[in-house]
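Attaching a predicted model along with its sequence, questions to come.
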Amino acid sequence: MFEKSILKKQIKRAKKNIEALEKKRIRSQAALVTAILSQQTPKDEDVEYFNRFTELIEAERNKMHRHMQELDNLKK
């Protein structure tokens, strides 16, 4: 039972982290879209910022999915 509650807290924390990272990524995403729409080359900093936060989001999602799988295995 204790392990289930720990996993649930970790899943909840991962979801919050993903939301925070996605909010931080929005600024660079907007800059990239603006550059593309105005037919300009996006700034390297914006591209790097976007890619870095995308990597962090994917890592957090993978961690969350692992925790969800562990929780499902405990329920069986």
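That came through fine.

Going by C-alpha atoms from here, please, whenever you check contacts or count neighbours.
Fine.

what are the ranges of the strands in the protein?
Per DSSP state E, the chain has no strands. Nothing in it meets that criterion.

which stretches of it aren't confidently modelled?
Using pLDDT under 70 as the threshold, the predicted model of the chain has low-confidence ranges 76.

quick one, longest helix in it?
Identified as the longest helix of the chain according to DSSP state H is helix 2-37.

How much space separates the spatially most central residue of the chain from Met68?
Most central residue of the chain, judged by C-alpha distance to the mean C-alpha position with C-alpha atoms, centre = their mean, is Ile57 at 2.1 Å. From Ile57 over to Met68 the distance is 16 Å, taken as C-alpha to C-alpha, to the nearest Å.

do Ala14 as well
Remark: distance between Ala14 and Met68 (C-alpha to C-alpha) = 11 Å.

higher neighbour count, those two?
Neighbours around Ala14 and Met68, counted as other C-alpha atoms under 10 Å, are more numerous at Ala14. The numbers are 21 against 16.

ok, the closest residue to Ala35 other than its chain neighbours - contacts?
The spatial neighbour of Ala35 that comes closest, neighbours along the chain excluded (C-alpha to C-alpha, 6 or more residues apart in numbering), is Pro42 at 5.3 Å. Pro42 makes contact with Ala31, Leu32, Ala35, Ile36, according to C-alpha atoms under 8 Å, 6 or more residues apart in numbering.

Adding distance to Glu22 and neighbour count, write those out as CSV.
What follows is these, written out as CSV (distance: C-alpha to C-alpha, whole Å; neighbours: other C-alpha atoms under 10 Å):
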residue, distance to Glu22, neighbour count
Ala31, 15, 16
Leu32, 15, 20
Ala35, 20, 14
Ile36, 20, 12
